[in-house]
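Peer 1: Here is a sequence with its predicted model. Questions after.
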Amino acid sequence: MATNYQHKVSQLLPDNPNCFDCGAKNPTWATPTFGVFLCLECAGDHRSLGTHISFVRSVNLDNWTERQYMRMKQGGNKACRAAIGDVDTLNNRQDVYQSPTLTEYRSQLDQKVDSILGAIAVVSKNREMSREATRFEGATSIGNTDVFGEQQDYSLCPCSIL
């Protein structure tokens, strides 16, 4: 079963107390596409841009994937603002969110998240392999013992892969 990262996303709100676009306090929506938090009104405007430009989620109502959460954690209002400077995101949203600057920011965010999730996958796989190895540590090899417990030399048997 997939984990819902909704609670973890909501924990990012204290670092992002205002809507990225208009500055309204206590945003309750977000766009993992750019990793920024939005108020209800601006979230509606983002929805009208289309999901190919800005995918919008409710911080409190929607289920969040690990990738979406990581985009919010690695992004955030401050990081996105640093990338675009003082550009007015409230007006001309269509142009702003498809601008080369935000397209590059989105791409860099993708690369950062892919790198982190790749590292997490490797660590997870190593843990799984370690658990498997530990499971077999206590097992004893039968080696060259026959069914009666007698040591046998199977090295000369042409059909044996033992």
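Peer 2: Structure's in. What do you need? Residues are numbered from 1 along each chain as shown.

Peer 1: From V96, how far out is the residue sitting nearest the centre point of the chain?
Peer 2: Nearest residue to the geometric centre of the chain (C-alpha atoms, centre = their mean): R67, 2.4 Å. R67 sits 24 Å away from V96, taking C-beta to C-beta, to the nearest Å as the criterion. C-beta coordinates here come from the backbone N, C-alpha and C atoms, glycine included.

Peer 1: now do G75
Peer 2: G75 is 16 Å from V96, by C-beta to C-beta.

Peer 1: more crowded one of these two?
Peer 2: Each of G75 and V96 had its neighbours counted (other C-beta atoms under 10 Å), and the higher figure belongs to G75 (28 against 17).

Peer 1: Pull the contacting residues for that one.
Peer 2: Going by C-beta atoms under 8 Å, 6 or more residues apart in numbering, G75 touches 32, 34-36, 109.

Peer 1: Then R47?
Peer 2: 54, 56 are the contacts of R47 under C-beta under 8 Å, 6+ apart.

Peer 1: check contacts around R67.
Peer 2: R67 neighbours (C-beta under 8 Å, 6+ apart): 32, 113, 117.

Peer 1: among those, which are in helices?
Peer 2: If you go by DSSP state H, the contacts of R67 have 113, 117 in helices.

Peer 1: for the contacts of R67, which one is nearest D86?
Peer 2: Looking at the contacts of R67 and their distance to D86, the nearest is P32, at 23.7 Å (C-beta to C-beta).

Peer 1: Wait, the closest one touches E66, no?
Peer 2: No: P32 is beyond contact range of E66, at 10.9 Å (criterion: C-beta atoms under 8 Å).

Peer 1: So which residues of the protein form helices?
Peer 2: 6-10, 40-49, 66-74, 77-84, 93-97, 100-137.

Peer 1: ok so, going back, redo the contacts of G75 as a markdown table? Include neighbour count, distance to C42 and pLDDT.
Peer 2: Below are the contacts of G75 laid out as a markdown table (neighbours: other C-beta atoms under 10 Å; distance: C-beta to C-beta, whole Å; pLDDT from 0 to 100):
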| residue | neighbour count | distance to C42 | pLDDT |
| --- | --- | --- | --- |
| P32 | 22 | 15 | 97 |
| F34 | 27 | 12 | 97 |
| G35 | 26 | 15 | 97 |
| V36 | 27 | 9 | 97 |
| L109 | 22 | 19 | 96 |
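
Peer 1: JSON lines please, covering these and showing distance to H46.
Peer 2: Below are the contacts of G75 laid out as JSON lines (distance: C-beta to C-beta, whole Å):
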{"residue": "P32", "distance to H46": "11"}
{"residue": "F34", "distance to H46": "9"}
{"residue": "G35", "distance to H46": "13"}
{"residue": "V36", "distance to H46": "9"}
{"residue": "L109", "distance to H46": "16"}
